[in-house]
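Undergrad: give me the fold of what follows.
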Amino acid sequence: MAALTDENAELKEQMRQQDSVSREKGELERQLSVAKDNLFAEQRQYRDRVEALEEVQHIILITVFQSERVSYLADPIGVALYSGVQSST
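TA: Below is the predicted model of the structure:
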C-alpha cells in the first residue's frame, strides 16, 4: 500500500511539473509572438522611413538640377552651349 501511495505522489508531482512546463512553454511562445510582431512593425516603420527619405532625396535632386539648369542658362556662355547642345540633338 505504501508503494502505491508513493507512486501516486510521484505521478502527481510529474503531472505538476508537466503542467508547469506546459504553462512556461505557452508563455515563451506568447513572448516570441509579441517580439516577432514588434520586429515586423519596426521593419515596416523603417521601410516607410527609407521610402520617405528616398522621395525627399529625389525631390532635392530635381530641385538642384533645375536650379543648376537655370543658373547655367542665365550665363550667356551657358545659353550658347545649351543652345548648341539642343540643336545638335
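
Undergrad: kindly indicate whether the residue nearest the centre of the chain is helix, strand or coil.
TA: In the chain, the C-alpha closest to the average C-alpha coordinate belongs to residue 43, at a distance of 1.3 Å (Cα atoms, centre = their mean). Secondary structure for residue 43, judged by DSSP: H, G, I helix; E, B strand; the rest coil, is helix.

Undergrad: residues contacting it?
TA: Applying Cβ atoms under 8 Å, 6 or more residues apart in numbering, one finds that residue 43 lies in contact with no residue. Placement of C-beta: from N, CA and C, glycine included.

Undergrad: cool, residue 63 as well?
TA: The contact partners of residue 63, by Cβ under 8 Å, 6+ apart, come to none.

Undergrad: now name the helix or strand holding it.
TA: Element membership of residue 63 [criterion: DSSP states H and E] is helix 2-74.

Undergrad: report the rounded mean pLDDT for that helix.
TA: Average pLDDT, helix 2-74: 90.

Undergrad: make 26 the starting number, not 1.
TA: Shifting the count to begin at 26 puts that one at helix 27-99.

Undergrad: tell me how far it lies from the chain's centre.
TA: Between the centre of helix 27-99 and the centre of its host chain there is 9 Å, according to Cα atoms, centre = their mean, to the nearest Å.

Undergrad: roughly how far does residue 66 sit from residue 54?
TA: 19 Å (Cβ to Cβ, to the nearest Å).

Undergrad: what's the answer for residue 67, then?
TA: Using Cβ to Cβ, one gets 20 Å for the distance from residue 67 to residue 54.

Undergrad: next one: residue 86
TA: The value you get for residue 86 to residue 54, if Cβ to Cβ is used, is 48 Å.
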